[in-house]
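>>> need a 3D model of the sequence below.
(one chain, ligands or ions: 2)
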Amino acid sequence: MAAQKTNLPNASAVETLEEIERKVLWLSSWLIYNANHVRPSRDGLKVGGHQASCASAVTLLTALYMNVLKPEDRVAVKPHASPVFHAIQYLFGRQSRNQLERFRSLGGAQSYPSRTKDADDVDFSTGSVGLGVGATLFGAMVRDYVRLHGLAGENEPNGRIVALVGDAELDEGNVFEALLEGWKHDVCNLWWVIDYNRQSLDGVVHDYLFQRIKDFFGTVGWDVVELKYGKLLQAAFAEPGGEALMKWIDDCPNQLYSALTFQGGEAWRNHLKTDLGRTKGIKALLDDYDDDALHHLMTNLGGHDMATTLEAFDQVTGDTPQCFVAYTIKGYNTPLAGHKDNHSGLMNLEQMAVFKANHNIRDGHEWDIAEGLDIDADALQALLSDVAFNQRPPAVPAASVPVAALPAPEGDTMSTQEAFGRILNDLGREDSDLAARIVTSTPDVTVTTNMAGWVNQRGLFHHKELADLFREEKVPSAFNWAMGPAGQHIELGIAENNLFLLLAALGLSDRLFGARLLPVGALYDPFIVRGLDALNYACYQDARFMVVATPSGITLAPEGGAHQSVSTPLIGLGQPGLTSYEPAFADELAVIMSWGFEHMQATDGGSVYLRLSTRTIDQPQRADAGTLANDIVAGGYWLKPPAPGAELAIAYSGAVAPEALATYGQVLEDIPGTGLLAVTSPDRLYDNWQSGATSHAERLLSALAPDAALVTVLDGHPATLSWLGSVANHHTVSLGVDRFGQSGDLPDLYREYGIDADAILDAAATALTKRMGKVSGTSLRPAAE
Ligand SMILES: Cc1ncc(C[n+]2csc(CCOP(=O)(O)OP(=O)(O)O)c2C)c(N)n1
Ligand SMILES: [Mg+2]
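Numbering: from 1, shown residues only. Ligands and ions are numbered 1, 2, ... in the order given. Prediction:
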């Protein structure tokens with residue numbers, strides 16, 4: 001490839017960047033110190049912060065933000081370098097001193113970069129290690145999707161997606177799952193800069209880890225760029241004895257290197273003398289350096305050498321993904337450097353006093369940006385204002401997509417999963433904005449979650465046109481598996497974690513890339529827990545998506561326990577940022593999906609989780625569920641309204657509707673006026689009940705007698721609905737599944753797990769007994785023939 005024009009700064013600009021780097025080190029260390037040692041504590045708790053993790057990343061982040069990044073680039077910063085990120089934004093004038101002073105306190109700069117809580121334009125939240133890294137890979141895929149679908153603004157530059165990665169983040173399997181997916185999808189314009197300080201939290205990472213990393217990244221088509229030695233060491237290696245010195249460092253175990261880094265010049269000298277004393281040139285080489293200079297030389301690693309770092313970034317020419325392995329030192333240029341226990345270490349008062357003096361910071365001038373630098377304040381200000389990244393304009397909210405009411409699929413009997421497939425299929429036929437913005441994805445379960453109809457119409461997404469060879473060879477199949485840049489379904493491998501990281505990136509597309517997408521991801525409900533950390537992460541970032549989880553519960557009868565979800569309704573209830581629904585009927589689902597697409601776009605909205613089933617059940621033949629729409633969305637409605645002051649009600653969610661209906665039919669004679677409550681969303685009902693105002697749940701249950709009996713039932717954990725008893729203090733018995741499932745047919749399993757009609761009947765009897773204050777049971781079962 002022809003040599004490209006270099007953007008490398010000249011020597012004096014590099015020196016200026018080094019000055020700024022010193023400032024970033026100072027500010028990031030100081031803001032942590034301030035939070036721990038200066039700000040008064042009200043609870044005696046350690047505030048914390050990671051000065052060593054920060055120091056390790058200062059050169060890399062300064063080089064990136066101050067020189068390399070463009071406004072259109074998007075970045076994930078390793079969690080523990082949050083103070084470095086905030087310090088840099090402070091220098092840019094994009095973060096306030098007040099926020100820095102309140103680091104880790106309510107409303108202040110966050111411990112780990114947060115899209116939703118930080119004031120300074122975080123692109124990707126980080127915290128649970130590995131996830132931010134994976135998110136950038138899917139971010140790069142989404143940016144391509146947006147571009148290839150012509151959804152990016154005109155002349156929108158195609159920026160890079162960059163992650164500053166802690167080396168121990170590579171222990172997380174999700175990183176490698178993502179890499180494989182990225183390889184399949186030809187991911188590009190993606191840079192991972194590994195802060196290779198060879199330390200994690202407890203200790204020093206395995207020697208030669210780098211070699212394994214290098215092999216792996218190479219296997220999946222990345223360029224691996226090593227930043228091992230800085231300019232000083234490179235120069236020393238060219239001197240007599242230098243080759244031996246280089247070999248010594250190359251062979252030096254990580255632990256020893258760390259220990260010597262902590263001990264300093266004298267320790268380096270002693271070791272080098274012992275090991276290399278007889279090598280020609282070494283004595284003269286060592287004599288050229290006093291202890292401080294020798295320490296400086298021996299710790300002059302690539303990731304702490306501004307010129308080396310800039311050169312490594314500058315040599316990138318194409319859009320092949322880049323893995324930079326930047327050798328660094330945890331705690332570099334601080335008294336914490338190299339100590340194996342430095343992860344949570346904080347400089348004490350004496351250490352800070354020395355550090356402060358070294359940085360020429362006067363008391364009371366700790367936050368002044370030019371304090372202690374050789375650059376004059378105005379010149380520094382002008383320089384910072386000119387930095388490319390600092391030209392980033394404020395994000396403009398992407399326009400909303402109008403959502404019309406979705407018609408309910410018709411049929412006397414249907415499952416919610418079938419209804420989902422049909423609604424999506426109908427959308428696929430439409431020429432609407434809504435259909436154009438929907439992007440679907442599954443982890444290898446497109447057909448079994450009923451998305452194939454949609455995919456047949458909208459195609460699979462890939463950079464390149466790839467024909468469906470089965471189709472070309474005329475092998476009969478109902479599915480068209482052709483791929484191309486216009487496709488709207490992203491097919492993933494089985495790793496559920498990847499699905500949620502992709503949904504996180506798709507669901508932030510409006511804010512990250514200016515193009516609103518409406519992501520719909522489907523998977524089997526039990527496997528939500530397989531990707532739960534990434535689901536939580538997606539919600540934590542306020543990404544907006546619809547996750548359709550089907551099949552669910554023991555209703556998946558013959559498939560057995562490993563495929564049967566038990567606790568997922570509680571995840572739906574407990575997960576912030578995610579509103580969950582478990583409809584029973586097709587018309588309910590249509591109402592919920594229309595609302596969901598609106599909710600995904602609302603400023604105060606969120607994501608939506610639909611727990612569906614493959615059980616085919618009779619559909620209520622009602623003219624229009626639309627009149628019930630508000631109640632369906634609010635979480636519940638009376639399928640069979642109770643008579644005023646009714647003594648009994650049965651509340652159910654989802655696939656057990658037929659059992660609830662059957663029981664209802666049976667008790668009506670004995671307990672006239674009994675009500676049957678369809679709970680479409682335990683989550684919405686609960687949230688609204690907790691919000692303080694007269695709630696939908698209270699309104700619904702106020703139809704019953706104050707001391708009525710209540711039975712709740714669902715194919716999931718009973719605690720999902722048991723709280724309904726507290727809404728109006730009704731005598732409540734809650735049925736559900738709280739053990740692992742197993743293979744069986746529906747009658748056997750529903751009986752075994754106590755959610756069949758008989759069990760509901762018995763529960764009603766127990767609840768009525770409680771109501772009457774009786775000790776002995778009442779049976780509502782018909783007398784045996
Ligand atoms: C998923 C997860 N597990 C555990 C932690 C606790 N933890 C925080 S940092 C860390 C070690 C990180 O090491 P590395 O990525 O090398 O970062 P650095 O050395 O730059 O601090 C651990 C285990 C976490 N934040 N996330
Ligand atoms: Mg590390």
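>>> residues contacting stretch 154-161, please?
Residues external to stretch 154-161 that are found in contact with it (Cβ atoms under 8 Å, 6 or more residues apart in numbering): 70-75, 136-137, 139-140, 143, 147, 152, 189-191, 513-514. Just so you know, the C-beta spots here come from the backbone N, C-alpha and C atoms, and that holds for glycine as well.
>>> can you give me the end-to-end distance of that stretch?
For stretch 154-161, the first and last residues are 19 Å from each other (Cα to Cα, to the nearest Å).
>>> grab the nearest non-local neighbour of Ala649.
Nearest-residue entry for Ala649: Gly675, 4.0 Å, with adjacent residues in sequence omitted and distances by Cβ to Cβ, 6 or more residues apart in numbering.
>>> where along the stretch 1-150 of the chain do the helices fall?
In order along the chain, the stretch 1-150 of the chain carries the following helices (DSSP state H, counting those that start in this stretch): 11-33, 51-63, 82-91, 97-101, 131-148.
>>> reformat these as a markdown table; add mean pLDDT and distance to ligand 1.
Compiled in a markdown table, the helices of the stretch 1-150 of the chain are given as follows (pLDDT from 0 to 100; distance: least, Cβ to the nearest ligand atom, whole Å):
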| stretch | mean pLDDT | distance to ligand 1 |
| --- | --- | --- |
| helix 11-33 | 97 | 13 |
| helix 51-63 | 98 | 3 |
| helix 82-91 | 98 | 11 |
| helix 97-101 | 98 | 20 |
| helix 131-148 | 97 | 8 |
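>>> relative to ligand 2, which of the ones you listed is closest?
Minimum separation from ligand 2 across the helices of the stretch 1-150 of the chain (Cβ to the ion) falls at helix 51-63, 6.9 Å.
>>> confirm Ser400 sits in a strand?
No. The assignment for Ser400 by DSSP: H, G, I helix; E, B strand; the rest coil gives coil, which leaves it out of any strand.
>>> count of residues packed around it?
A count of neighbours around Ser400, defined by other Cβ atoms under 10 Å, yields 16.
>>> for it, give me its contacts.
Taking Cβ under 8 Å, 6+ apart as the criterion, Ser400 is in contact with Arg516, Gln601.
>>> hmm, back to that, would you mind finding the most buried of the helices of the stretch 1-150 of the chain?
Comparing the helices of the stretch 1-150 of the chain by mean neighbour count (mean count of other Cβ atoms under 10 Å), helix 51-63 ranks first with a mean of 29.
>>> and it with ligand 2, contact?
No. Helix 51-63 lies apart from ligand 2 when judged by Cβ under 5 Å from the ion; the minimum separation is 6.9 Å.
>>> what's Lys280 in contact with, if anything?
Applying Cβ under 8 Å, 6+ apart as the definition, the contact partners of Lys280 turn out to be Pro240, Gly241.
>>> list the buried residues for stretch 365-374?
Along stretch 365-374, the positions that meet the burial threshold by neighbour count (16 or more other Cβ atoms under 10 Å) are Glu366, Ile369, Ala370, Glu371, Gly372, Leu373.
>>> quick one: mean pLDDT for it?
Average pLDDT, stretch 365-374: 97.
>>> quick check: which ranges of the protein have low pLDDT?
With pLDDT under 70 as the threshold, the chain has low-confidence stretches at 1-5, 774-778, 783-785.
>>> what does it have sitting close to ligand 1?
Proximity of the chain to ligand 1 is assessed by Cβ under 6 Å from any ligand atom, with 53, 56, 78-80, 128-129, 166-169, 195, 197, 199-201, 330, 343 identified as the residues in range.
>>> ok, of those, which come out buried?
53, 56, 78-80, 128-129, 166-169, 195, 197, 199-200, 330, 343.
>>> residue in the stretch 251-400 of the chain nearest to ligand 2?
Closest point on the stretch 251-400 of the chain to ligand 2, by Cβ to the ion, is Lys330, at 6.1 Å.
>>> for that residue, give me phi and psi.
Main-chain torsions, Lys330, degrees, to the nearest 10: phi -70, psi 120.
>>> could you look up the SS state of Glu491?
Strictly by three-state DSSP, Glu491 counts as strand.
>>> pretty sure it sits against Asp444.
Yes. Taking contacts as Cβ atoms under 8 Å, Glu491 lies within contact range of Asp444: 7.4 Å.
>>> returning to what we had before: tell me who's in contact with the residue of the stretch 251-400 of the chain closest to ligand 2.
Lys330 sits in contact with 52-53, 55-56, 197-199, 258, 336-338, 342-343, where contact means Cβ under 8 Å, 6+ apart.
>>> and it, how far from Phe85?
Lys330 sits 17 Å away from Phe85 when distances are taken as Cβ to Cβ, to the nearest Å.
>>> helix or strand for Ala163, which one?
Here Ala163 is covered by strand 161-166, with elements defined by DSSP states H and E.
>>> show me where the stretch 201-350 of the chain has its helices.
209-219, 231-237, 242-251, 254-263, 265-276, 282-287, 291-298, 306-314, 349-358.
>>> contacts for the first one?
When contacts are defined by Cβ under 8 Å, 6+ apart, helix 209-219 is touched by residues Asp167, Leu170, Phe176, Leu179, Ile194, Tyr196, Arg198, Val224, Glu226, Cys323, Val325.
>>> try the third one
Here helix 242-251 makes contact (Cβ under 8 Å, 6+ apart) with 229, 233, 236-237, 257, 272, 275-276, 279, 281-282, 285, 298.
>>> I figured Met451 hits Glu491, correct?
No. Between Met451 and Glu491 there is no contact under Cβ under 8 Å: 9.9 Å.
>>> contacting residues for the one residue in the chain that gets nearest to ligand 1?
Among the residues of the chain, Gly166 lies nearest to ligand 1; the distance is 2.2 Å by Cβ to the nearest ligand atom. Contacts here follow Cβ under 8 Å, 6+ apart; on that basis Gly166 touches Ser53, Lys78, Pro79, His80, Val129, Asp195, Ser200.
>>> between those residues, which is nearest ligand 2?
Distance from ligand 2 was checked for each of the contacts of Gly166 by Cβ to the ion. The minimum falls on Ser200, at 5.3 Å.
>>> what sits closest to that closest one if chain neighbours are left out?
The shortest distance from Ser200 to any residue other than its chain neighbours is 3.5 Å, reached at Ala168 (Cβ to Cβ, 6+ apart).
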